[in-house]
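Asker: What would the 3D arrangement of this be:
(one chain, ligands or ions: 1)
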Amino acid sequence: MAVYAHPDDEAFGSGGTLAKYAAQGCDVYVVTATRGEAGNIATPELATPANLPDVREQELRCACRIYGAHPPIFMGYQDGQLTIVHQGQAVARLVRIIRELRPDVIITFGPDGIYGHYDHIAVHRWTSIAFDLAADPDCFPDLLQGACQPHQVRKLYFRALTESQLAGMVSNGMSSTVMMDGVPFPFTAYREDEITTVIDVSEWLQVKLAGIRCHATQLGHDNPFVTMPEEIMYQRWLCTESYILARSTVGWPQGIETDLFERL
Ligand SMILES: [Zn+2]
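Answerer: A predicted model of the protein is given here:
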């Protein structure tokens with residue numbers, strides 16, 4: 001189960017992972033806090049500010065179909081407003097989802113929010129707390145009816161961009177910052193020795209790119225992910241997706257893991 005803030009958050013750094021595990025027969029779910037109504041419209045013919053949330057919902061549905069995941073789950077919060085959502089309410093909703101779907105592994109943002117996006121950091125907090133509380137029968141006892149019993153997720157992973165992945169992006173003409181309201185927010189890049197888990201998604205690269213391209217309102221016609229020349233594809237920064245194992249009930253890896261389900 002992946003928990004993110006906006007439609008398209010799943011695509012760039014974990015679309016290959018989702019596709020890989022769906023292809024292996026896992027039940028893959030994407031939970032998103034918002035429908036992305038505060039996003040840019042890079043392709044004006046595809047959406048207006050009024051219908052952007054509906055269009056972006058369809059874009060994420062398209063991407064999940066392509067990954068082979070279940071249809072996405074929308075929490076329905078307002079894009080750009082997650083820091084003022086009642087944290088206890090959001091955590092309770094995630095606990096319900098975890099107890100119903102009973103995932104073995106959850107991936108979400110780390111405390112860096114990839115580039116410090118406030119919504120991403122809020123989702124990082126909610127998901128980390130929900131990981132702990134979903135297993136505790138004393139927490140949210142009103143969510144314990146029927147099939148909604150406590151559930152211990154085995155592993156929690158934070159998505160993490162590495163220094164070499166960021167260097168690969170920049171050397172292919174992408175920015176090392178994201179502009180939000182006129183302010184540049186730099187990507188946080190982790191040293192290789194801080195990474196616990198690297199998933200090779202080269203076999204699923206075309207699926208990953210197709211998933212990214214579902215989010216057409218966010219890309220624009222000249223986006224490198226749309227125009228991607230053949231020689232860029234299959235470079236390591238695009239073919240590996242990196243994570244930091246943050247919680248585990250099944251021990252810790254010796255060296256770099258290459259599978260989210262190692263030890264399960
Ligand atoms: Zn986002």
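Asker: Could you list which residues are in contact with the residue in the chain that the ion sits nearest to?
Answerer: Residue of the chain nearest the ion, by C-beta to the ion: His6 (3.6 Å). Bear in mind the C-beta positions are built from the backbone N, C-alpha and C, glycine included. Each residue near His6 by C-beta atoms under 8 Å, 6 or more residues apart in numbering is listed here: Thr32, Ala33, Thr34, Gly36, Gly39, Arg56, Asp79, Asp119.
Asker: so where's the stretch 101-250 of the chain uncertain?
Answerer: Within the stretch 101-250 of the chain, the segments meeting pLDDT under 70 span 231.
Asker: got the residue ranges for the strands in it?
Answerer: With DSSP state E, counting those that start in this stretch as the criterion, the stretch 101-250 of the chain has strands at 105-109, 155-159, 177-180, 183-186, 197-200, 240-248.
Asker: Please render the ones you listed as JSON lines that adds mean neighbour count to the earlier fields.
Answerer: Below are these laid out as JSON lines (neighbours: other C-beta atoms under 10 Å):
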{"stretch": "strand 105-109", "mean neighbour count": "25"}
{"stretch": "strand 155-159", "mean neighbour count": "24"}
{"stretch": "strand 177-180", "mean neighbour count": "12"}
{"stretch": "strand 183-186", "mean neighbour count": "12"}
{"stretch": "strand 197-200", "mean neighbour count": "19"}
{"stretch": "strand 240-248", "mean neighbour count": "20"}
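Asker: Can I get the buried ones among the contacts of His6 as something I can paste into ChimeraX?
Answerer: Those of the contacts of His6 that count as buried under 16 or more other C-beta atoms under 10 Å are selected in ChimeraX with:
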select :32,33,34,36,39,56,79,119
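Asker: Take the contacts of His6 and keep only those in strands.
Answerer: Here DSSP state E is the test, and the contacts of His6 give Thr32, Ala33, Thr34 as lying in strands.
Asker: and the second one, what is it in contact with?
Answerer: By that I understand Ala33. Val3, Tyr4, Ala5, His6, Met75, Tyr77, Leu82, Ala90, Asp119, Ala122, Val123, Trp126.
Asker: returning to what we had before: so which of the strands of the stretch 101-250 of the chain is nearest Asp136?
Answerer: Smallest distance to Asp136 across these (C-beta to C-beta): 13.7 Å, for strand 240-248.
Asker: Within its sheet, name the partner strands of that closest one and how each one runs.
Answerer: The strands beside strand 240-248 in its sheet (DSSP bridges) come out as strand 155-159 (antiparallel), strand 197-200 (antiparallel).
Asker: neighbouring contacts of that strand?
Answerer: 13-14, 16-17, 107, 110, 128, 131-132, 154-162, 165, 190, 194-201, 252-253, 257, 260, 263.
Asker: that older thread, turn the contacts of His6 into a markdown table, columns for distance to Asn172.
Answerer: Below are the contacts of His6 laid out as a markdown table (distance: C-beta to C-beta, whole Å):
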| residue | distance to Asn172 |
| --- | --- |
| Thr32 | 27 |
| Ala33 | 30 |
| Thr34 | 29 |
| Gly36 | 25 |
| Gly39 | 23 |
| Arg56 | 25 |
| Asp79 | 28 |
| Asp119 | 26 |
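Asker: Restrict the contacts of His6 to those that also contact the ion, please.
Answerer: Counting by C-beta under 5 Å from the ion, nothing from the contacts of His6 sits close to the ion.
Asker: among the contacts of His6, which one has the lowest pLDDT?
Answerer: pLDDT is lowest at Gly39 among the contacts of His6; the value there is 90.
Asker: Nearest residue to that residue in space, please, no chain neighbours.
Answerer: Gln218 (5.9 Å; C-beta to C-beta, 6 or more residues apart in numbering).
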